[in-house]
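Visitor: Fold the following, please.
(chains A and B)
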Amino acid sequence: MIREKIQMQNRTAVTLVEMLMAMMVSSILFLTMGFLVSDSEGAWGSLQQRSLSGMTEEANFAGAAFEAVCRRSSKSSCTIPTLGTTCTLYYYHDLNAQSPDRYAKFYVQNKKLYVQHGSGNNVLYTVQLANNVQSIKFTQHGDAIKMVLFLNDGKKAMKFVNWAIRNAH
Amino acid sequence: MEILIGMLVVGFVITGTLHIRYHSTMGVLDAELSQAGIRLGSTIIESWQNSKKTNFDLIAEMGNDFTITISSGQAAPIGFTKLKDYQVTVNHMKFLVTLSYKAQTTSVPATLNVQVSWPRAGKAQLRRICSLTTYMNL
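Guide: Residues are numbered from 1 along each chain as shown, chains lettered A, B, ... in the order given. Here you go, the predicted structure:
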């Protein structure tokens, strides 16, 4: 009899109340975690989409290419049509040439921005600079050329402005 | 007891994952902000240099490209004459831009300086993004 009592006192099982309490606490914790995770997933998902879309990198690449060409191009001439959707700059590839011997034409085709390098009537090579171009506008301001680039990937739209002064004669 | 310990461990893992994601995303956004600020400074100083005048009006020159308002709160570098402070909004990011210059002398062309800072919300201290200097022949 005494042995049975000692065995009952040393039992390791839980009572129904203890189990219910544990289930209640765990369900509250799980619910809190669930709300926290789903909430942060939504918020950070959109933020990550914005930050990792690559739009800024593409605009930086396009801006750097535009500035590099523009800075070594001739002040004497450039071709920008009235709408300003393309821009042709003329630069010296051969530093001993009497006049600019190369051209670089920036244009948009199928929502992609390209720069085409050529000499006279010959196209030498074309480089793609950016995707998801919504619009582009080039304007001339004295020696400087301004490029206003709108990129839109359907989820976010951003505007990028680049100025570069032409330095060659 | 084991269940609670298990849940605690799961909780730590979830919180840790969220923490890493938060900091990595904020790091990328911070880089984007810095890039936008530097690009803005570069664009402004190039435009100013092209204008060939020290009394440059940023709103008149670039008001069509950005949302610009007159602002205050940033000192010019030592030796430079402050022109104006502006608040410039670029793709929903707000920057404090300060234009300052040194007048042209017989031996040295005019020196232009553009400082771009980020006015952190709720904090008095500005975070300097860039300070660009160039010469301008008048």
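Visitor: what's downstream of the helix ranked longest in chain B, the next helix or strand?
Guide: Ordering each helix of chain B by length in residues (DSSP state H) puts helix B:2-51 first. Next along the chain after helix B:2-51, taking DSSP states H and E as the criterion, comes helix B:58-62.
Visitor: How far does that following helix sit from its chain's centre?
Guide: Distance of helix B:58-62 from its chain centroid, counting by Cα atoms, centre = their mean, to the nearest Å, is 17 Å.
Visitor: and what of stretch A:118-125?
Guide: Worked out by Cα atoms, centre = their mean, stretch A:118-125 lies 30 Å from the chain centre.
Visitor: First residue to last residue on it, what's the distance there?
Guide: End-to-end distance of stretch A:118-125 (Cα to Cα, to the nearest Å): 7 Å.
Visitor: list the buried ones in it?
Guide: Judged by neighbour count (16 or more other Cβ atoms under 10 Å in any protein chain shown), stretch A:118-125 contains no buried residues. Heads up, the C-betas are built off the backbone N, CA and C, glycines and all.
Visitor: residues making contact with that stretch?
Guide: The set of residues external to stretch A:118-125 that reach it, using Cβ atoms under 8 Å, 6 or more residues apart in numbering or on different chains, is A:93, A:101-103, A:105, A:116-117.
Visitor: quick revisit: could you give the mean pLDDT of the longest helix of chain B?
Guide: Averaged over helix B:2-51, pLDDT sits at 86.
Visitor: is chain A contacted by it?
Guide: Yes. Using Cβ under 8 Å from any Cβ of the partner chain, we find that helix B:2-51 touches chain A at B:3-4, B:7, B:10-11, B:14, B:18, B:21-22, B:25, B:28-29, B:32, B:35-36, B:39, B:42-43, B:46-47, B:49-50.
Visitor: if we can go back for a sec, restricted to helices, list the contacts of stretch A:118-125.
Guide: Going by DSSP H, the helices hold none of the contacts of stretch A:118-125.
Visitor: quick one: which of the residues you listed is most hemmed in?
Guide: Within the contacts of stretch A:118-125, most neighbours by other Cβ atoms under 10 Å in any protein chain shown means residue A:103, with 23 neighbours.
Visitor: Tell me what it is bridged to.
Guide: Beta-bridge pairing for residue A:103 (DSSP bridges): residue A:90, residue A:118.
Visitor: For PyMOL, write the selection for the buried entries among the residues of helix B:2-51 next to chain A.
Guide: Here is the PyMOL command that selects the buried residues among the residues of helix B:2-51 next to chain A (16+ other Cβ under 10 Å):
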select buried, chain B and resi 7+21+25+28+32+36+39+42+43+46+47+49+50
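Visitor: Dead centre of chain A: give me the residue that sits there.
Guide: Most central in chain A under Cα atoms, centre = their mean is residue A:55, positioned 1.6 Å from the mean C-alpha point.
Visitor: Spatially nearest residue to that residue, not counting backbone neighbours?
Guide: In space, and not counting its chain neighbours, residue A:55 is closest to residue A:151: 5.2 Å by Cβ to Cβ, 6 or more residues apart in numbering or on different chains.
Visitor: buried ones in the strand or helix carrying that neighbour?
Guide: Using DSSP H and E, residue A:151 maps to strand A:144-152. For strand A:144-152, a neighbour-count test (16+ other Cβ under 10 Å) marks A:144-149, A:151 as buried.
Visitor: related to what we said a few turns ago, could the contacts of stretch A:118-125 be laid out in TSV, adding pLDDT?
Guide: Formatted as TSV, the contacts of stretch A:118-125 follow (pLDDT from 0 to 100):
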residue	pLDDT
A:93	90
A:101	92
A:102	94
A:103	95
A:105	96
A:116	97
A:117	96
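Visitor: Now residue B:105. Its backbone dihedrals?
Guide: Main-chain dihedrals, residue B:105, degrees, to the nearest 10: phi -120, psi -180.
Visitor: Nothing else from me, thank you.
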